[in-house]
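J.: this is a predicted model, with the sequence first.
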Amino acid sequence: MNYSILKKTSVLTLVSLAFIGMAAAQTNNSTSTKKTSMSDSVKTPKLFGGTAQYNTWSVGANIGITAPVVVTGGTDVFTGNNPSFGYGITVKKQLTHTFSLRFDLSGGKVSGSESAGFLVPNPASPTETVNVTSFTTSYISGSLNGVFNFGNINFLKRKNGINFYTSGGLGLIDYAPQIFFPSGSSSTSYDFKGHAGNNKTATYIHEMVIPVGVGVKFKLTDKLDLNVGYTENFVDGYNFEGVKEKYPAKNKYSFGYGGIEYTFGPKNKTSLEWVNPVALMYDELYDAALRQEVEALKGRVKTVEKSIDDLKKDSDGDGVADQFDKCPNTPAGTVVDGSGCIIVFPVDTAKENEIDTTKLSPDESVVNGKIVKATPFSKVSFEFDSSVLTKASYPALEATIADLKKTGKTVIIAGYASSEGTSSHNMSLSKDRANSIKNYLLKGGIPAKQIKIKGYGETHPIADNSTEDGRKLNRRVEFVQ
């Protein structure tokens, strides 16, 4: 009857602690929510700011009820459950929002009974047997546990007041069983097989223990929490209950507890365990400094867009932007060069001097109104923004073909351009001009292995690019032997 009353009282006590913690946590959560404002959110930790922003160390103390059975079932040596007293202290290091390492030190007693009893060797006479009706085991254990929180992320509330967790670990346990006989006598001496002896001095046994548990945590204040939990402990031995009955079922016991936990650290830091990452993301979106950076970025983008518009502005409509137009206000329809200046086309001196070009030999051409005999590898000039060969270049190219066929040597065709337009366009134009010469030589029967090309763009000018006469000389192809 006393055991039944103790058991019911213990269960009611744990349930009462849970309801008290839930009410306190909800009250604290409601108050915290009301106090949270946009100005306060600026002071909250950053989502990726590291654990240095939080308090991560805590200690706890708890008391509760032990039993020789567990809720997950299994083989029980003693079917009678006699609840006993247990206690524990914890030291915890929170590593992330959801995971922590916790050291548990616990102790107490575990008791059980069996109405039918077990026959074991008589301590007074090993050749006889005696009935064992109950046991009481004193123990103390230490273990290292991993604790997983799965209730601290909430999409509905900024701050939580209730957290759920599960734990598991490995440790050592020292225990001393005491078995009782129908006569009321007892024995505390036994061997590994659970055989009773006749010594009255308790002998502690050392074994490994695996604790596995679940629990609920209630936030009372920023520093203080209430824990209500349940742990199943699996002992790597067969004599935790004093007898080796129902072998090979290993012994186990449970511990239901309630207690408090205190978090160390500065008051201006929150506990890492209670931080809601979703709330931190919300706070960062409304961070004043971040919003200022975004607005500043918008201003810079507008400035860049305006600069681009200025670059595209062409007041006189000649196709050259104002920033590059060296000859503004050019009349509409005028043909201009890359700098926006009017192009002065060369005069057909052959026509002016009435030279009959049909009577010229293949290696002759008209230059500045005079007949000039072409020489191999002489410079070839091009019109503005063009890579098309002119008839005036044919004599020099024919002489070059003849020389290459005779000598079989290799030649490098180097293309150049004047400075109108962009450097990238001029580089491409210079390569096109060199390729035009190459194609002419290939058609003239020169093998491709004797020809190499190179484009230099507007680099290496041989005349002043500020004048049209100078630019004409720079639009060229040279042969490098």
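T.: In hand now; what should we look at?

J.: is Tyr257 bridged to anything, and to what?
T.: On the basis of DSSP bridges, Tyr257 is bridged to Gly64, Gly229.

J.: buried sites along stretch 159-172?
T.: By neighbour count on 16 or more other Cβ atoms under 10 Å, the buried set for stretch 159-172 is 159-163, 165, 167, 169, 171. The way it works is simple: take the backbone N, C-alpha and C, and place the C-beta from them, glycine included.

J.: which outside residues touch stretch 474-481?
T.: 376-384, 400, 409, 411-419, 433-434, 436-437, 458, 461-463, 465 (Cβ atoms under 8 Å, 6 or more residues apart in numbering).

J.: sorry, back to before: next, format the buried residues of stretch 159-172 as TSV and append pLDDT and secondary structure.
T.: Converted to TSV, the buried residues of stretch 159-172 look like this (pLDDT from 0 to 100; DSSP: H, G, I helix; E, B strand; the rest coil):
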residue	pLDDT	secondary structure
Lys159	73	coil
Asn160	74	coil
Gly161	79	coil
Ile162	87	strand
Asn163	89	strand
Tyr165	95	strand
Ser167	97	strand
Gly169	97	strand
Gly171	97	strand
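
J.: widest-spaced pair of the residues you listed?
T.: Lys159 and Gly171 (33.7 Å; Cβ to Cβ).

J.: for burial, what's the neighbour tally of the nearest residue to Tyr253 once chain neighbours are set aside?
T.: Distance criterion Cβ to Cβ, 6 or more residues apart in numbering; nearest residue to Tyr253, sequence neighbours excluded, is Val110 at 4.6 Å. Residues near Val110, counting by other Cβ atoms under 10 Å, number 31.

J.: would you confirm that Val110 contacts Tyr139?
T.: Yes - with contacts counted by Cβ atoms under 8 Å, Val110 reaches Tyr139, the gap being 6.7 Å.

J.: any common contacting residues for those two?
T.: Contacts common to Val110 and Tyr139, judged by Cβ under 8 Å, 6+ apart, are Phe240.

J.: quick one: the helices in the chain, in order.
T.: 2-35, 38-41, 277-285, 288-312, 349-352, 394-407, 423-443, 468-474 (DSSP state H).

J.: per-stretch mean pLDDT over these, give me the minimum one.
T.: Here the lowest mean pLDDT among the helices of the chain goes to helix 38-41, at a mean of 36.

J.: thinking again about what came up before, ok, the residue nearest to Tyr253 to Ser307 distance?
T.: Distance from Val110 to Ser307, counting by Cβ to Cβ, to the nearest Å: 81 Å.

J.: what do you get for Asp432?
T.: Applying Cβ to Cβ to Asp432 and Ser307 gives a distance of 31 Å.

J.: with neighbour numbers in mind, choose between these two.
T.: Counted by other Cβ under 10 Å, Asp432 and Ser307 do not tie: Asp432 has more neighbours, with 16 against 10.

J.: that one against Asp385, yeah?
T.: No - between Asp432 and Asp385 no contact is recorded; they are 10.3 Å apart, counting by Cβ under 8 Å.

J.: residues in contact with Asn145?
T.: Taking Cβ under 8 Å, 6+ apart, we find Asn145 in contact with 101-104, 167-169, 211, 213.

J.: no no, Ala296
T.: Per Cβ under 8 Å, 6+ apart, neighbours of Ala296: none.

J.: state which strand of the protein is the longest.
T.: Counting by DSSP state E, the longest strand found in the chain is strand 99-121.

J.: for it, which strands pair with it and how are they oriented?
T.: Sheet pairing for strand 99-121, using DSSP bridges, gives strand 80-82 (antiparallel), strand 84-94 (antiparallel), strand 129-149 (antiparallel).

J.: care to break the chain down by domain?
T.: According to automatic domain parsing, the chain comprises the domains 2-285, 349-480.

J.: could you dump the ones you listed into a markdown table and include distance to Asp316?
T.: Formatted as a markdown table, these follow (distance: least, Cβ to Cβ, whole Å):
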| stretch | distance to Asp316 |
| --- | --- |
| domain 2-285 | 49 |
| domain 349-480 | 17 |
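
J.: for the stretch 1-150 of the chain, give me the ranges with low pLDDT.
T.: Residues of the stretch 1-150 of the chain meeting the criterion pLDDT under 70: 1-44, 46-49, 121-126.

J.: surely Ile236 touches Tyr175?
T.: Actually, residue 236 is Asp rather than Ile. No - if you go by Cβ under 8 Å, Asp236 and Tyr175 don't touch, sitting 11.6 Å apart.

J.: mind listing what's buried along stretch 67-82?
T.: Buried residues in stretch 67-82 (16+ other Cβ under 10 Å): 67-70, 76-78, 81-82.

J.: what's the answer for stretch 447-464, then?
T.: 451, 453, 455-458, 461.

J.: which of those sits closest to Glu261?
T.: For the buried residues of stretch 447-464, the nearest to Glu261 is Gly457 (74.2 Å; Cβ to Cβ).

J.: close enough to count as contact, that closest one and Gly421?
T.: No - using Cβ under 8 Å, Gly457 makes no contact with Gly421, being 10.0 Å away.

J.: which residue is the nearest non-sequential neighbour of Leu62?
T.: No, residue 62 isn't Leu; it's Asn. Gly259 (2.5 Å).

J.: distance-wise, check that neighbour relative to Val70.
T.: 20 Å.

J.: and for Gly444?
T.: For Gly444 relative to Val70 (Cβ to Cβ), the value is 99 Å.

J.: same question, Lys269
T.: As judged by Cβ to Cβ, Lys269 and Val70 stand 38 Å apart.

J.: can you give me the strands in the stretch 151-300 of the chain?
T.: For the stretch 151-300 of the chain, applying DSSP state E, counting those that start in this stretch gives strands covering 162-180, 186-187, 205-219, 224-235, 252-263, 270-271.

J.: now distance to His97 too, for these, in JSON lines please.
T.: Converted to JSON lines, the strands of the stretch 151-300 of the chain look like this (distance: least, Cβ to Cβ, whole Å):
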{"stretch": "strand 162-180", "distance to His97": "10"}
{"stretch": "strand 186-187", "distance to His97": "50"}
{"stretch": "strand 205-219", "distance to His97": "14"}
{"stretch": "strand 224-235", "distance to His97": "15"}
{"stretch": "strand 252-263", "distance to His97": "14"}
{"stretch": "strand 270-271", "distance to His97": "10"}
